[in-house]
Structure formats: structure tokens, C-alpha cells
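Participant: build the 3D model from these lines:
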Amino acid sequence: LSPPSCMLAAFKTEAYPPAPDAPLPDAPKGGAPFPAGAFFAKSYAQMDPAPKEPKADRKEPCALPKSLEPEKREAEEAAERPRARKRRKPRVLFSQAQVYELERRFKQQKYLSAPERDHLAGVLKLTSTQVKIWFQNRRYKCKRQRQDQSLELVGLPPPPAPPRRIAV
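Facilitator: Reported below is the predicted structural model:
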């Protein structure tokens, strides 16, 4: 059995054996499905009104060891402070030669297999992930251009280009 949580410790109920002189409540109509007195504690009048003190040999379930109290305070203080955002990696600009080679390869082949991507990354001195993301972005750019062209053919103006971010 797991120890009670701090919030439930105040509501902990203790089991009492049925009082020998107390009358048992009448069974519900249709017969009692359980033995008489199985789930009944003392009546409210018979219960001890004063809460019982914890025994000296029992530990308080909600008490923290002295060594943990400073750590708890530090954690609470840290939770109150605004969290700093993790800094993103700086954006890498590809050289003109790298972009030229990526574009040339994209015209030949819209999708690269993993070995082809690794080879191209090695030739261009980029990571495989950079090449993969570049191809994904280039395919999306191509898709948007096709959609804009089809809208122009129908006679609708193309949607405005999203604002460009400029590093300051």
C-alpha cells in the first residue's frame, strides 16, 4: 500500500470494529448483500471528537526531511522566475556554389535517397540534415509557385507573399 498523500492525510479514516452494545442499522429491503455491520463504523455520536495525535514512533507523512527544505524553497523560487528561452542555433547561409549545386541537383531529381543525400552533403561540406531540409523547403517553394500560376490562369491575383525576416 502506498503512503497517503499530504492532502489526503487530514481525511484518513480509521476502521472501528462494531460496538457490541450498539444496535446495527436495519438491512435494506430485499435482504443485505453483505454481512451485517461489515461496512459500518461507530455512529457519529460515539466517535471521538478530538483528533488523535500521531504516535511518537510514526513519522508525519507530510514532513520533509530538513535537508530537502532548502531545495524545495529553491525550486519554488525558480518556478516564480520567468523562464529563459533556449537559444536557437544561428541560421546558416549557404554559399553561392552550394546553392548552385543544390539547385542543379534539384532540377535533375526532386527527391534524394539517404545515400544520395549523404554523398551530396559530403561534396558540399554540409550535413545530411541540412541537405534534407533544403530539398523539403525547395519542394514546398515549387508547390507554392505552381499554385500561384494556376490562380493567375483562372484570373485571380496571387496571395501576397509572406513578410520576409531581415536580421538586424
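Participant: how about Val99, what does it touch?
Facilitator: The contact partners of Val99, taken as CB atoms under 8 Å, 6 or more residues apart in numbering, number zero. From N, CA and C alone the C-beta is placed, and that goes for glycine too.
Participant: same thing but 10 Å
Facilitator: Taking CB atoms under 10 Å, 6 or more residues apart in numbering, we find Val99 in contact with Leu93, Leu124, Trp134.
Participant: ok, these vs Phe106, which is closest?
Facilitator: Trp134 (8.5 Å; CB to CB).
Participant: burial count for Arg87?
Facilitator: 6 (other CB atoms under 10 Å).
Participant: tell me the secondary structure at it.
Facilitator: Secondary structure state of Arg87, per DSSP: H, G, I helix; E, B strand; the rest coil, is coil.
Participant: any idea how far Lys110 is from it?
Facilitator: For Arg87, the distance to Lys110 (CB to CB, to the nearest Å) stands at 34 Å.
Participant: check Leu153 too.
Facilitator: Plainly put, Leu153 is 23 Å away from Lys110 if you go by CB to CB.
Participant: the two: who's more crowded?
Facilitator: Lys110 (11 against 8).
Participant: host element of that one?
Facilitator: Using DSSP states H and E, Lys110 falls within no helix or strand.
Participant: again with Tyr100
Facilitator: Using DSSP H and E, Tyr100 sits in helix 96-108.
Participant: beyond that helix, next helix or strand please.
Facilitator: Next along the chain after helix 96-108, taking DSSP H and E as the criterion, comes helix 114-124.
Participant: what residues of that following helix count as buried?
Facilitator: Arg117, Leu120, Ala121, Leu124 (16 or more other CB atoms under 10 Å).
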